[in-house]
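S.K.: Quick one: sequence plus predicted model below, questions after.
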Amino acid sequence: MSFTIAIDGPAASGKGTISRALAAHFRFAHLDTGLLYRAVGARLLEGEEPIAAARALQAGGLESDALRLPAVAEAASKVAAIPEVRAALVDFQRAFARRAGGAVLDGRDIGTVICPEAEAKLFVTASPEIRAERRFAELQAKGVETDLAAVLADVRARDERDMGRADAPLRAAEDAVEIDTTALSIEAAVARAVAAVEQRGGRAG
Ligand SMILES: Nc1ncnc2c1ncn2[C@@H]1O[C@H](COP(=O)(O)OP(=O)(O)O)[C@@H](O)[C@H]1O
Ligand SMILES: Nc1ccn([C@@H]2O[C@H](COP(=O)(O)OP(=O)(O)O)[C@@H](O)[C@H]2O)c(=O)n1
């Protein structure tokens, strides 16, 4: 039996944190789809042609810390606007979503394009300022040199690109449950997410 949880939202809203917690709670597999676009973005920065890079992408090697750098995030949001890049990544994501035992996928278009039939959908948001603060703290802890104003500018620029593109723009699915994490602790945000998924029939596998 498969059960898909689709989680979308803007940069650094808490999608990954909630997705990992849901995957652990329900014993589902988790796919951070942003890593697919980050991997293609990293290839672009190395001079590769992005459509060919997306078609050649292998699932392994996606956990590299280098993919978390701000320059890679920016490149990811540029290649993510290319329809052929998105098309090349669809089959892998859909197969992951339908795996036996349940799956959590987080990204920008999971509930709208990749898995419109997902059993549970969440749209995770937070104010741009708090998202930038959280991402800045995360980057600082990793020893990445940056400043809060640059991180806020990156978050805003990516949000605009992600919401403004013609192909699979970032938006909430009509049947998504919205969770605004601006004033929520991680524990409180995860508790809301677990309750929302249970309400849609999700049970630990
Ligand atoms: N509700 C929350 N309160 C405080 N910090 C949070 C909360 N949710 C996430 N974070 C932190 O914010 C940063 C970005 O969260 P993450 O889950 O990676 O976001 P996304 O996957 O949407 O980019 C991480 O350092 C994470 O620990
Ligand atoms: N399903 C997805 C996931 C990511 N992306 C793109 O990939 C970029 C990086 O995504 P991410 O989820 O790793 O970014 P963060 O929210 O972690 O900052 C986004 O800004 C989007 O442009 C997308 O277009 N569709």
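M.R.: In hand now; what should we look at? Bear in mind the structure is a predicted one, so any value in this text is a computation, not a measurement. Numbering: from 1, shown residues only. Ligands and ions are numbered 1, 2, ... in the order given.
S.K.: tell me, what residue is most central in this structure?
M.R.: Nearest to the geometric centre of the chain sits G107, at 2.7 Å (CA atoms, centre = their mean).
S.K.: just so I have it, where are all the strands in the chain?
M.R.: 4-8, 29-32, 103-107, 120-125, 177-180 (DSSP state E).
S.K.: ok, the residue nearest to the centre of the chain to A150 distance?
M.R.: Distance, G107 to A150, by CB to CB, to the nearest Å: 24 Å. C-beta: built from backbone N, CA, C; applies to glycine.
S.K.: Could you list the residues of the protein in contact with ligand 1?
M.R.: 9, 11-17, 134-135, 138, 181, 184-186, 189 (CB under 6 Å from any ligand atom).
S.K.: Let's see that with 5 Å instead.
M.R.: Counting by CB under 5 Å from any ligand atom, the positions of the chain adjacent to ligand 1 are 12-17, 134, 138, 181, 184, 186, 189.
S.K.: Sort out which of these are in helices and list them.
M.R.: 15-17, 134, 138, 186, 189 (DSSP state H).
S.K.: L22 and F28, how far apart?
M.R.: 7 Å.
S.K.: before we move on, the earlier item: compare the strands of the chain and give me the one nearest K78.
M.R.: strand 103-107 (16.0 Å; CB to CB).
S.K.: list the helices and strands that closest one packs on?
M.R.: Counting contacts by 3 or more CB pairs under 8 Å, 6 or more residues apart in numbering; DSSP states H and E, strand 103-107 is packed against strand 4-8, helix 15-26, strand 29-32, helix 83-97.
S.K.: what's the most buried one of these?
M.R.: Most buried of the helices and strands packed on strand 103-107, by mean neighbour count (mean count of other CB atoms under 10 Å): strand 4-8, with a mean of 28.
S.K.: Mind listing the strands that one pairs with, and their directions?
M.R.: Strand 4-8 has the following strand partners under DSSP bridges: strand 103-107 (parallel), strand 120-125 (parallel).
S.K.: Report the two of the ones in helices among the residues of the chain next to ligand 1 separated the most.
M.R.: E138 and A189 (15.8 Å).
S.K.: These two - which one has more neighbours?
M.R.: Neighbours were counted for E138 and for A189 using other CB atoms under 10 Å; A189 has more, 23 against 13.
S.K.: Name the nearest residue to the more buried one, sequence neighbours excluded.
M.R.: Nearest non-adjacent residue to A189, counting by CB to CB, 6 or more residues apart in numbering: T181, 4.6 Å away.
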